[in-house]
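>>> sequence and predicted structure, then a few things I'm wondering about:
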Amino acid sequence: MTGTTLSPDLRTSIGALDLANPVLVASGTFAYGREMARLYDLSILGGIVSKTITELPRAGNPPPRVCETAGGMLNAIGLPNPGVDVFLREALPELRQAGCPVIVNIAGETTEGYVRLAARVAREEGVAAVELNVSCPNVSYGLDFGTAPSRVEQVVRRVKEECPFPVIAKLSPNVTDVTEIARGVEQGGGDAVSLINTIRGMAIDPRKRKPVLGNVTGGLSGPAVKPVALAMVWKTSRSVRIPVVGIGGIMTGTDVVEFLLAGASAIQIGTGNFVDPWVAPRVISELREFCIQEGIGSVRSLIGELKA
């Protein structure tokens, strides 16, 4: 029966992490929430994934760092951040006030670097999960762990020893078979995978005969990558038993439904935050309206229900 006026249940979960709704905001697109908190109540979000944190401060890549492309954008930011000490002292206390789960995204240059970061974060209150950035295409070591199942399995297993909360690994599409990497995460005891990170690409200024980005190449994101992301989420969700978080070109409530049907338990909005700062609350509202129109009582009933 369609057209019901009953309020649908938007709750979902990523393993042991319960979410009020499946709409999270992606790392690197929401900073640490401070700016967006001026626009709307962050407690309506399913969760916030922090900008990537490293052990020491990083300045990032040389500019230009961002450019628009057809249907998306390229970025070569390079993980600039103040380092874990400043993050824990200044940013995390503000994130704790958001009223929704906080997932801290971390990146290390070595396995021990990931372990040390995870141990620091694990001692703090107000952290719901950690997301391992093993897939950034814009730093020299960014894909070292995320392209080999054995390496990602090792780093996940070591991080799990330090973390009392869920560990999510963010995966790259720039691999031969993303399902092999996802299985490595699962074998290492990971609680979930999130995918996809950006696709390596580039833009050229034909008059200057030079790359547009200071880093030459960057990561492609936005609606242009959505079909790729959907296919990888669908394939991965059929290959592992752990939850999948979908990322890639999500701009509307129906985009969320597509990812849920493909097998995602939750999603993250990235580039959409740059296009429309109010995209997340709008998407939540549109998801709720879709469920009402289609007579769907719970979003959980959509997960993996693609008829293929």
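Nice, I can see it.
>>> what's the mean pLDDT across the helix or strand where A280 lies?
Secondary structure assignment for A280, by DSSP states H and E: helix 279-294. Averaging pLDDT along helix 279-294 yields 98.
>>> which secondary structure elements does it contact?
Packing partners of helix 279-294 (3 or more Cβ pairs under 8 Å, 6 or more residues apart in numbering; DSSP states H and E): strand 23-25, helix 253-262, strand 266-269, helix 272-275. To be clear about C-beta, it is placed using only N, CA and C from the backbone, and glycine gets the same treatment.
>>> give the buried residues for that helix.
V279, A280, P281, R282, V283, I284, E286, L287, R288, F290, C291, I292 (16 or more other Cβ atoms under 10 Å).
>>> contacting residues for the fourth one?
By Cβ atoms under 8 Å, 6 or more residues apart in numbering, the contact list for R282 reads G253, D276.
>>> where's it relative to E90, distance?
According to Cβ to Cβ, to the nearest Å, R282 and E90 sit 30 Å apart.
>>> same deal with the third one?
For P281, the distance to E90 equals 26 Å [Cβ to Cβ].
>>> how about the fifth one?
Taken as Cβ to Cβ, the spacing of V283 relative to E90 amounts to 29 Å.
>>> again with R65
Distance from R65 to E90, by Cβ to Cβ: 23 Å.
>>> these two: who's more crowded?
A count of neighbours by other Cβ atoms under 10 Å puts R65 above the other of R65 and E90, at 18 against 12.
>>> mind checking how far stretch 290-304 is from the chain centre?
Counting by Cα atoms, centre = their mean, to the nearest Å, stretch 290-304 is centred 23 Å from the centre of its parent chain.
>>> how far does that stretch stretch from start to finish?
17 Å (Cα to Cα, to the nearest Å).
>>> any buried residues in stretch 177-194, and which?
Within stretch 177-194, the residues that count as buried by 16+ other Cβ under 10 Å are 178-179, 181-188, 190-194.
>>> quick check, V228 in a helix?
Yes: using DSSP: H, G, I helix; E, B strand; the rest coil, the assignment for V228 is a helix.
>>> which SS state does the spatially closest residue to it that is not a sequence neighbour fall under?
The shortest distance from V228 to any non-neighbouring residue, by Cβ to Cβ, 6 or more residues apart in numbering, is to P173 (6.1 Å). What three-state DSSP gives for P173 is coil.
>>> quick check: P173 touching G201?
No: using Cβ atoms under 8 Å, P173 is not in contact with G201, being 11.1 Å away.
>>> those two: which is more packed in?
Comparing P173 with G201 by neighbour count (other Cβ under 10 Å), the higher total belongs to P173, at 22 against 18.
>>> residues in contact with that one?
Residues in contact with P173 (Cβ under 8 Å, 6+ apart) are L195, I196, N197, T198, I199, V225, V228, A229, M232.
>>> could you check how far it is from R89?
Counting by Cβ to Cβ - P173 and R89 are separated by 35 Å.
>>> now do A31
A31 is 16 Å from R89, by Cβ to Cβ.
>>> how about S50?
Separation of S50 from R89 (Cβ to Cβ) stands at 14 Å.
>>> show me what contacts G246?
With Cβ under 8 Å, 6+ apart, G246 has these contacts: S194, L195, A229, L230, V233, F259, L260, A262, A264, A266, I267, Q268.
>>> tell me, how many neighbours does the closest residue to A98 other than its chain neighbours end up with?
Nearest residue to A98 in three dimensions, chain neighbours excluded: L42, at 4.1 Å (Cβ to Cβ, 6+ apart). Look at L42: counted by other Cβ under 10 Å, it has 22 neighbours.
>>> tell me the contacts of L42?
G33, M36, I48, A98, G99, C100.
>>> now with 10 Å?
Going by Cβ atoms under 10 Å, 6 or more residues apart in numbering, L42 touches 25, 30, 33-34, 36, 48, 95, 97-100, 102, 280-281.
>>> on that earlier part again, filter the contacts of P173 to the buried ones?
So, by 16+ other Cβ under 10 Å, the buried ones in the contacts of P173 are L195, I196, N197, T198, I199, V225, A229, M232.
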